[in-house]
Every structure is written in structure tokens, then in C-alpha cells.
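Visitor: Could you work out the structure for the sequence below:
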Amino acid sequence: MQVLNKRYPNNCLLTVMDRYSAVVHNMEQVVMIPSLLRDVQLNGPGDQAQEDTPDLYTYFTMLKTICLEVEHGMLPKEEWLAKVAGVHTDKAENEIAERVEAQEERVSEMDLEARFHLHFSSLHHILTHLTLKAQEVTRKYQELTGQIL
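Guide: As a prediction, the model looks like this:
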């Protein structure tokens with residue numbers, strides 16, 4: 001596993017981003033055959049798999065994609081909207097634009113400090129959650145391949 005080179009306070013966003021990046025890079029090094037993750041659910045043996053639950057391969061690709069965005073920056077807004085919509089349809093773009101506009105109206109009522117805190121804490125929470133998912137994917141792959149020591 002990669003070791004963090006920089007020292008920041010534990011709750012610092014940079015620490016969370018570095019930890020996420022290190023865990024995803026470790027996951028990429030451990031998972032040598034990603035196709036083994038197809039159709040394997042993240043839940044344990046006693047849990048019931050739900051139809052809409054993504055498989056480990058989906059998590060693996062999502063975590064890698066997000067890591068690239070964390071390390072290299074975000075996509076331009078148009079590309080991101082197209083990616084979220086899945087296709088370039090006017091209806092989908094209009095719906096997304098309406099939702100974004102409604103959210104901006106709600107957020108504009110808040111002061112900048114409150115908006116910053118909201119986004120900062122949300123990003124911190126999401127990156128922490130994604131880090132745990134990457135660790136789970138790595139652990140599950142190791143179980144599948146018998147690499148657990």
C-alpha cells in the first residue's frame with residue numbers, strides 16, 4: 001500500500017484526498033484481473049443482493065474514474081453534463097439544467113461561508129465513504145483470489 005508523503009491534520013481535506021488516492025492506487029495494484037469482479041456483489045454471504053446494487057467491477061471503475069478527477073481536475077461542465085445524462089438529449093440536459101438552477105437558487109440564499117462549509121463537509125464525507133469502498137473492493141478481490149494472509 002502507498003504511504004502518504006505529506007503530513008496534514010487528520011480532518012484536512014488534503015489528507016482525505018491523499019488517503020483516497022493512496023487506497024485507490026493500492027486497489028489498482030492488487031486487482032490484477034478486474035474482470036473477476038464482474039457479477040460479484042459487495043455484500044457478505046448472508047446478505048441478500050438487490051437488483052439495483054452495482055457489482056464490484058462497477059465500483060472498481062467508478063473509484064478509478066473519481067480518483068483521476070481528484071488528482072487531475074474536473075471535466076469541463078459540458079462534458080460532465082453529457083456524462084451524467086448518458087446521451088446528448090435536449091430533454092435530459094434541460095432536466096439537469098433545471099435541477100442545477102433550482103439548487104443554485106436555494107444555495108444563493110445562504111451566505112458564502114455556509115455554502116463553503118456545506119460543500120467542504122460533503123466532499124470530506126464522500127471521499128471518506130469512497131475510500132472505505134475502495135478498501136472493501138480490494139479486500140473482496142483478495143478473498144476471491146485467495147490472497148488474504
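Visitor: Mind checking the pLDDT average for stretch 79-86?
Guide: Mean pLDDT, computed over stretch 79-86, is 68.
Visitor: With stretch 131-149 instead?
Guide: 88.
Visitor: Go through that stretch and flag the buried ones.
Guide: T131, K133, A134, V137, T138, K140, Y141 (16 or more other CB atoms under 10 Å). All C-beta atoms are positioned from the backbone trio N, CA, C, and that covers glycine.
Visitor: just curious, which of these is nearest to Q147?
Guide: Of all the buried residues of stretch 131-149, the one with the least separation from Q147 (CB to CB) is Y141, at 7.7 Å.
Visitor: Isn't the closest one up against V30?
Guide: Yes. Counting by CB atoms under 8 Å, V30 is a contact partner of Y141 at 6.1 Å.
Visitor: C-terminal to the lowest-mean-pLDDT helix or strand in the chain, what's the next element?
Guide: Every helix and strand of the chain was ranked by mean pLDDT, DSSP states H and E. The lowest is helix 90-108, at a mean of 66. Under the assignment DSSP states H and E, the closest C-terminal helix or strand after helix 90-108 is helix 112-145.
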